[in-house]
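# build me a model:
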Amino acid sequence: TITEETFDPDEVNMSSDHRYAGNNSETYRGVLDLEYDFGNGFVLNSLSGYNRTKGRLEFDFDKEPQNVPQGVDLGGGMVNCLSMVCVGIFDFDNDLQQISSDLRLSYDGGAIRAMVGAYVFDENYEEVDFSRFVGARPFITSTRENIDGRVNRLNTNTYSGFGSVEFDLSTALTVTGELRYNHEVISAGATTGVNLLFLTGANEIDFRGKTSFDAWLPRVSAAWKVSPDLNIYASAAKGSKPGGFNTGQVRDDLRPFGQESIWTYELGVKGSLLNGDLNFEADVYYSDWSDLQVTTVCYGSLSAQGPEPECPNSSAVTLNYIINADKAEVKGAELGVNATPFHWLTLSGSYAYTDSTFKDFAARDVFPSPAGVDRQFGGNRVPLVPRHSATGMVHIEAPLTDDLDGFIEGTGNYRSSRFARFDNRVKLDQKFTADAQIGLKGGSWTALVYVNNIFNDLTPDFSRFWGSFNPSTSNGEYITAPARRTGGIRFIKNF
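Numbering: from 1, shown residues only. The predicted structure is shown next:
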């Protein structure tokens with residue numbers, strides 16, 4: 001189990017001979033929202049959007065403070081630092097462009113309501129990788145000056161058509177039927193022939209793949225208004241997530257992974273008491289998951305256990321890639337409450353129980369079985385899903401003058417332990433964080449002072465298997481540093 005004590009902030013170090021770019025990006029967004037009322041209950045809506053983000057991400061990933069690498073001289077100007085001291089730098093340029101358009105015609109005929117529409121989405125992503133190990137060869141320094149970038153691309157095109165009909169069987173009972181069709185085209189290109197340590201090999205796109213996925217996604221629901229203050233509903237719906245390609249240095253037959261789908265059945269209730277001062281909602285649900293996309297790992301040539309057959313040409317220590325689990329199921333329940341006992345006091349809370357397990361998942365093991373022995377993981381919990389989670393909020397707001405309100409708010413978030421991987425060998429401990437803010441509201445503006453993670457809970461939220469490599473102990477875990485306690489001032493102006 002990885003606990004708060006497992007994460008030692010003193011082990012987070014950074015080489016000081018280089019000014020890292022960090023995470024810098026520029027984003028341009030535009031939205032066009034149009035509506036035309038034809039009359040007689042017919043309304044046409046169009047929503048189109050554009051998003052462009054260009055950025056650079058650069059950081060020190062070896063966790064050591066040394067500026068000078070140490071390693072084994074292999075001759076020919078090559079130095080292998082992996083068993084000694086590496087100075088490793090992740091460095092990427094990225095460019096994301098998204099264009100989307102949604103067009104729908106709706107009809108409101110009183111007891112019957114209907115809608116038909118179409119949606120298109122185009123996404124183009126390009127990443128240029130300048131990551132490097134300083135000193136592995138004479139030309140590899142702390143800057144990217146002599147590094148040829150490795151290009152990777154991922155393009156997604158989505159075309160959808162959808163419709164729904166809603167009908168009031170009576171003043172208390174409403175039924176709804178929906179259907180959506182998705183056609184998604186995924187194309188990828190990747191530079192996979194470069195040795196990541198020595199930057200040898202062909203620096204060109206040597207993998208290109210293109211595939212498409214189709215999905216029919218129905219949904220039916222019914223709502224019963226028992227009284228003006230109580231509603232009961234039930235629904236059954238299908239969802240999907242398209243597959244794609246593993247663009248890392250894996251074996252060719254492991255590059256494609258399939259589309260996942262899920263059927264969810266839900267029964268719930270919503271209501272209010274005390275003249276609306278107490279509102280609540282609760283539901284139970286069951287989900288049947290097929291071909292769930294799961295991340296696994298193989299050892300590359302820079303690992304003492306590699307290279308494995310799944311990544312025979314990988315120059316990494318470990319390499320993540322996606323596979324499909326045949327079956328999983330989720331059983332859950334949720335409860336939410338919002339109360340206003342006084343006009344100046346709001347209380348809210350929620351709780352969720354989630355039992356998410358694999359039912360049929362035969363896959364190769366990853367550790368401590370370097371040979372990759374196949375086994376059945378049915379019965380294991382789905383990674384990164386806690387069984388219990390809860391939130392709570394207290395908000396106090398009152399007028400200070402005719403034009404000025406003051407407020408104070410506190411929130412708490414809890415999650416139980418969860419497993420880091422599908423093999424369930426590594427568990428991330430339970431975690432509780434609390435935030436607070438106090439401020440003023442005046443018409444169109446808000447000013448506040450905030451503190452997040454008041455108790456500075458440093459329990460890690462994410463971990464991945466890293467293998468025998470300098471930043472970790474042998475066959476250890478690579479832990480993402482959790483967010484520390486932070487505070488600041490915010491000013492918000494509405495125009």
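
# when you work out contacts or count neighbours from here on, use the C-alpha atoms and nothing else.
Will do.

# for the longest strand along the chain, buried residues please.
Secondary structure of the chain per DSSP state E: the longest strand is strand 318-342. The neighbour-count check on strand 318-342 (16 or more other C-alpha atoms under 10 Å) flags 318-340 as buried.

# residue boundaries of the strands in the stretch 251-400 of the chain?
For the stretch 251-400 of the chain, the strands defined by DSSP state E, counting those that start in this stretch cover 256-257, 260-273, 278-299, 318-342, 345-360, 362-364, 374-376, 388-399.

# just give me the residue closest to the centre of the chain.
Geometric centre of the chain, nearest residue: residue 384, 10.8 Å, by C-alpha atoms, centre = their mean.

# mind checking pLDDT for it?
Note for residue 384: predicted pLDDT of 94.

# need the contact list for residue 486.
Residues counted as contacts of residue 486 (C-alpha atoms under 8 Å, 6 or more residues apart in numbering) are 451, 452, 453, 454.

# and the gap between residue 38 and residue 105?
Separation of residue 38 from residue 105 (C-alpha to C-alpha, to the nearest Å) stands at 10 Å.

# so what sits against both of these two?
Jointly contacting residue 38 and residue 105 under the rule C-alpha under 8 Å, 6+ apart are residue 44.

# compare these two (neighbour count), which wins?
Using other C-alpha atoms under 10 Å as the criterion, residue 38 and residue 105 rank with residue 105 on top: 18 against 10.

# next, the contact list for the closest residue to residue 422 other than its chain neighbours, please.
Once flanking residues are discounted, residue 422 sits nearest to residue 383: 5.4 Å by C-alpha to C-alpha, 6 or more residues apart in numbering. Residues near residue 383 by C-alpha under 8 Å, 6+ apart: 418, 419, 420, 421, 422, 424.

# can you list those residues in a markdown table and add distance to residue 346, neighbour count and secondary structure?
Putting the contacts of residue 383 into a markdown table (distance: C-alpha to C-alpha, whole Å; neighbours: other C-alpha atoms under 10 Å; DSSP: H, G, I helix; E, B strand; the rest coil) gives the following:
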| residue | distance to residue 346 | neighbour count | secondary structure |
| --- | --- | --- | --- |
| 418 | 31 | 23 | strand |
| 419 | 35 | 23 | strand |
| 420 | 36 | 24 | coil |
| 421 | 39 | 22 | coil |
| 422 | 40 | 22 | coil |
| 424 | 40 | 14 | coil |
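
# so where's this protein shaky on pLDDT?
Along the chain, the model assigns pLDDT under 70 to residues 63, 367-372, 466-476.

# what do you get if the cut-off is 50, keeping everything else the same?
Residue ranges of the chain with pLDDT under 50: 469-473.

# coming back round to it: wouldn't the residue nearest to the centre of the chain be in contact with residue 420 here?
Yes - between residue 384 and residue 420 there is a contact under C-alpha atoms under 8 Å: 5.7 Å.

# and residue 448, how many residues sit next to it?
Residue 448: 17 neighbours (other C-alpha under 10 Å).

# show me the beta-bridge partners of it.
residue 439, residue 490 (DSSP bridges).

# next up, phi/psi of the residue nearest to residue 159 when sequence neighbours are not counted, please.
Once flanking residues are discounted, residue 159 sits nearest to residue 120: 4.7 Å by C-alpha to C-alpha, 6+ apart. Dihedral pair for residue 120: phi -130, psi 150, per degrees, to the nearest 10.

# do the same with the one 3 residues further on
Main-chain torsions, residue 123, degrees, to the nearest 10: phi -130, psi 130.

# gap between the closest residue in space to it that isn't next to it in sequence and residue 26?
Leaving aside its sequence neighbours, residue 123 sits nearest to residue 98 (C-alpha to C-alpha, 6+ apart; 4.5 Å). Distance, residue 98 to residue 26, by C-alpha to C-alpha: 14 Å.

# so those two - more neighbours on which side?
Just comparing residue 98 and residue 26: by other C-alpha under 10 Å the higher neighbour count belongs to residue 98, 18 against 10.

# and the contacts of residue 383, which is closest to residue 494?
Minimum distance to residue 494 across those is 39.9 Å, recorded for residue 418 (C-alpha to C-alpha).

# list the beta-bridge partners for the closest one.
Listed by DSSP bridges, the beta-bridge partners for residue 418 are residue 428.

# wait, what's in contact with it?
Applying C-alpha under 8 Å, 6+ apart to residue 418 gives the contacts 383, 384, 385, 386, 387, 427, 428, 429, 430.

# would you confirm that residue 265 contacts residue 239?
No - with contact defined as C-alpha under 8 Å, residue 265 does not count as touching residue 239 (11.5 Å).

# returning to what we had before: surely the residue nearest to residue 159 touches residue 101?
Yes - using C-alpha under 8 Å, residue 120 is in contact with residue 101, at 5.5 Å.

# quick check: the gap between residue 169 and residue 413.
Distance from residue 169 to residue 413, by C-alpha to C-alpha: 41 Å.

# the two: which is more packed in?
Neighbours per residue (other C-alpha under 10 Å) separate residue 169 from residue 413, with residue 413 holding more: 17 against 11.

# contacting residues around the one helix or strand the more buried one maps to?
Secondary structure assignment for residue 413, by DSSP states H and E: strand 405-415. Residues outside strand 405-415 that contact it (C-alpha under 8 Å, 6+ apart) are 386-400, 430-442.

# make a ChimeraX selection of the buried ones in the residues you listed.
Those of the contacts of strand 405-415 that count as buried under 16+ other C-alpha under 10 Å are selected in ChimeraX with:
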select :386,387,388,389,390,391,392,393,394,395,396,397,430,431,432,433,434,435,436,437,438,439,440,441
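
# what count of nearby residues applies to residue 228?
Residue 228 has 9 neighbours, counted by other C-alpha under 10 Å.

# run a quick neighbour tally on the residue nearest to residue 159.
For residue 120, the count of nearby residues is 18 (other C-alpha under 10 Å).

# now it: how far from residue 241?
Taking C-alpha to C-alpha, one finds residue 120 at 16 Å from residue 241.

# again, but for residue 264
14 Å.

# ok, the closest residue to residue 387 other than its chain neighbours - contacts?
Nearest residue to residue 387, sequence neighbours excluded (C-alpha to C-alpha, 6+ apart): residue 354, at 4.7 Å. By C-alpha under 8 Å, 6+ apart, residue 354 lies in contact with 330, 331, 332, 333, 385, 386, 387, 388.

# where exactly do the helices run in this protein?
Ranges of helices within the chain: none, based on DSSP state H.
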